[in-house]
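Q: what's the 3D shape of this:
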Amino acid sequence: MAVRFDPEVLRNDPEHRRRVLEVLSAAVSAVDPVAAVGRHLERFGATLRVGEHEVPVPSGRIVVLAVGKAAVPMARSAVSRLDGLSICGAVAAPEAAEIPGLEVMVGGHPLPDEGSLRAGRRLLELAHAAGPDDLVLVLISGGGSALAEYPLPGLELADLRAVSDALLRAGAPIAEINLVRRHLSALKGGRLAAAAAPARLAGLVVSDVIGSALEVIAGGPTVPDSTSAAEALDVLSARGVVPPGAVSDVLQHSPDDGIGIGAAGGMLSVIADGSMAARAACEEAKRLGLVATLGSTSVEGEAAEVGRTLAEDGRRLAPGVMLIHAGETTVTVSGRGRGGRNQELALAAGIALEGHPGILVAGFGTDGIDGPTPAAGGIGDAGTASRGWSAGRDARVALETNDSATFLEATGDQLRCGATGTNVGDLMVVYRDAG
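A: Take a look at the predicted model:
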């Protein structure tokens with residue numbers, strides 16, 4: 001999987017930034033969903049190997065249900081690997097595509113839309129139609145919790161959008177957002193697996209979640225939910241979110257008791273995640289002759305605070321050292337600017353690096369998309385703030401108003417590569433040049 005970055009970001013400190021781009025490109029290639037599915041889906045006579053599990057080749061159909069930002073390449077790879085078998089199914093994705101034997105539906109992200117509802121309804125219909133002679137092959141990746149959705153009775157699309165939007169703006173991490181979503185959805189929290197019974201179910205997962213908790217990735221459509229509606233109400237309260245009345249009614253009268261709604265999760269295997277990407281980034285940095293260190297693969301917290309911390313780390317690095325992290329930060333939105341968590345992280349780092357040349361901090365979304373912007377992230381260094389002044393912009397005001405995208409675009413510090421077709425969370429690179 002080749003990632004091509006917009007060369008505009010190389011107009012500042014091209015030698016050292018080029019190394020960062022090469023490292024990030026290698027990281028994305030290591031979590032290419034086409035190759036990952038190819039490595040983990042094989043047929044041996046009458047047996048299929050699906051990740052860590054082996055299942056009989058079904059006498060009926062293989063029903064492919066794919067959802068998430070990597071759904072299209074995962075589904076294409078699976079269809080290729082299953083050539084000669086009877087295949088049907090549906091794909092919920094962020095973009096239109098044609099895949100032999102499968103229906104592809106486009107949903108919304110980060111908020112569900114009418115396309116998401118059509119996709120969710122179709123996934124449930126196909127699951128219900130699966131019989132005991134069929135195998136349901138689920139292909140799950142991050143972003144699926146918005147790209148495919150179907151509300152519980154008593155709820156409308158507007159209710160789900162309002163709750164998700166409020167939680168995102170409040171800076172809630174994806175684990176909290178999807179906890180709430182699971183208790184409002186007819187698809188999540190194992191309900192897709194319940195719909196597929198008595199068919200056998202197996203699946204492959206590309207994880208964008210710290211720790212790869214299966215009930216969080218895409219809202220856990222095939223794994224039982226260990227949380228309760230009361231916990232969902234607690235999350236809303238803690239984040240200061242006042243939900244629509246219909247949402248309160250559903251949560252307050254939910255019959256679940258926290259011991260697991262939905263069916264057993266079937267046989268699922270995680271085939272790519274952020275730690276894999278970070279390790280590949282380290283290996284590429286070493287190949288380039290750098291001293292590379294793998295840091296945390298579970299970075300979280302407010303993006304600006306993390307950016308400042310990474311800048312401090314950079315000032316302590318020895319010359320020629322690159323430090324690589326993975327994880328997913330959040331942004332509590334208080335302004336009306338344009339941005340995303342990785343650009344906010346880079347801008348905060350750039351401000352903190354004023355007066356400290358030779359150090360850079362990059363924040364990068366492996367899906368190629370950072371918030372509602374065309375960028376994948378950004379780079380902050382000692383010149384970021386001053387370049388902003390030259391362009392008539394104040395870095396601190398941009399940070400306070402969540403306008404990192406506008407600022408970094410003006411300074412030539414945005415990372416742009418377009419959608420990558422994968423999604424394993426974010427990477428953060430701290431690099432001090434050799435001087």
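
Q: domain-wise, how is this structure divided?
A: 7-31+274-432, 33-272 (automatic domain parsing).

Q: for the record, mean pLDDT for the helix or strand containing residue 276?
A: Secondary-structure element containing residue 276, defined by DSSP states H and E: helix 274-287. For helix 274-287, mean pLDDT is 98.

Q: what's the answer for stretch 365-372, then?
A: pLDDT averaged over stretch 365-372 gives 96.

Q: now do that stretch: everything it contacts.
A: 3, 27-28, 31, 69, 110, 142-143, 208, 274, 277, 331, 338-343, 363, 376-378, 405, 417-420, 422-427 (C-beta atoms under 8 Å, 6 or more residues apart in numbering). In this view, the C-beta of every residue, glycine as well, is placed from N, C-alpha and C.

Q: looking at these, which are in strands?
A: 363, 377, 378, 426, 427 (DSSP state E).

Q: out of those, who's nearest residue 322?
A: If you rank these by distance to residue 322 using C-beta to C-beta, residue 427 comes first, at 11.7 Å.

Q: tell me, what's the model's pLDDT at that closest one?
A: 98.

Q: thinking it is in contact with residue 364, fair?
A: Yes. Applying C-beta atoms under 8 Å, one finds residue 427 in contact with residue 364, separated by 4.8 Å.

Q: more neighbours, these two?
A: residue 364 (31 against 28; other C-beta atoms under 10 Å).

Q: overlap in contacts, residue 427 and residue 364.
A: residue 24.

Q: coming back round to it: lowest average pLDDT across the domains of the chain?
A: Among the domains of the chain, domain 33-272 scores lowest, at a mean of 93.

Q: how far off centre is it?
A: 13 Å (C-alpha atoms, centre = their mean, to the nearest Å).

Q: now do the end-to-end distance for that domain.
A: Domain 33-272 has its terminal residues 8 Å apart, counting by C-alpha to C-alpha, to the nearest Å.

Q: please identify the buried residues of stretch 383-401?
A: The neighbour-count check on stretch 383-401 (16 or more other C-beta atoms under 10 Å) flags 383, 384, 385, 387, 388, 393, 395, 398, 399, 401 as buried.

Q: narrow the residues you listed to those in helices?
A: 384, 385, 387, 388, 395, 398, 399 (DSSP state H).

Q: where's the spatially closest residue to the fourth one that is not a sequence neighbour relative to residue 226, distance?
A: It stands for residue 388. The spatially closest residue to residue 388, leaving aside those adjacent along the chain, is residue 395, at 4.8 Å (C-beta to C-beta, 6 or more residues apart in numbering). For residue 395, the distance to residue 226 (C-beta to C-beta, to the nearest Å) stands at 43 Å.

Q: hang on, the earlier thing: for the helix holding residue 276, which helices and strands make contact with it?
A: Here helix 274-287 touches helix 14-30, strand 291-294, strand 321-327, strand 426-432, going by 3 or more C-beta pairs under 8 Å, 6 or more residues apart in numbering; DSSP states H and E.

Q: now the angle between strand 321-327 and that helix, please.
A: Using axes from the mean of the first three to the mean of the last three C-alpha atoms, to 10 degrees, the inter-axis angle of helix 274-287 relative to strand 321-327 is 170 degrees.

Q: let me know how buried the nearest residue to residue 141 once chain neighbours are set aside is, in neighbour terms.
A: Once flanking residues are discounted, residue 141 sits nearest to residue 68: 3.0 Å by C-beta to C-beta, 6+ apart. Counted with other C-beta under 10 Å, residues neighbouring residue 68 total 32.

Q: contacts for the helix holding residue 276?
A: So helix 274-287 is in contact with 19, 22-31, 207-208, 210, 292-294, 297, 322, 324-328, 366, 424-427, 429, going by C-beta under 8 Å, 6+ apart.

Q: next: stretch 93-111.
A: Taking C-beta under 8 Å, 6+ apart as the rule, stretch 93-111 contacts 64, 66-69, 71-72, 75-76, 79, 87-92, 113, 115-116, 118-119, 122, 143, 146-149, 161, 164-165, 168, 372, 419.

Q: are any of those residues buried, and which?
A: Here, 16+ other C-beta under 10 Å leaves 64, 66-69, 71-72, 75-76, 79, 87, 89-92, 113, 115-116, 118-119, 122, 143, 146-149, 161, 164, 168 buried among those.

Q: from these, which land in helices?
A: 71-72, 75-76, 79, 115-116, 118-119, 122, 146-147, 161, 164, 168.

Q: I'm done for today, thanks for sticking with me.
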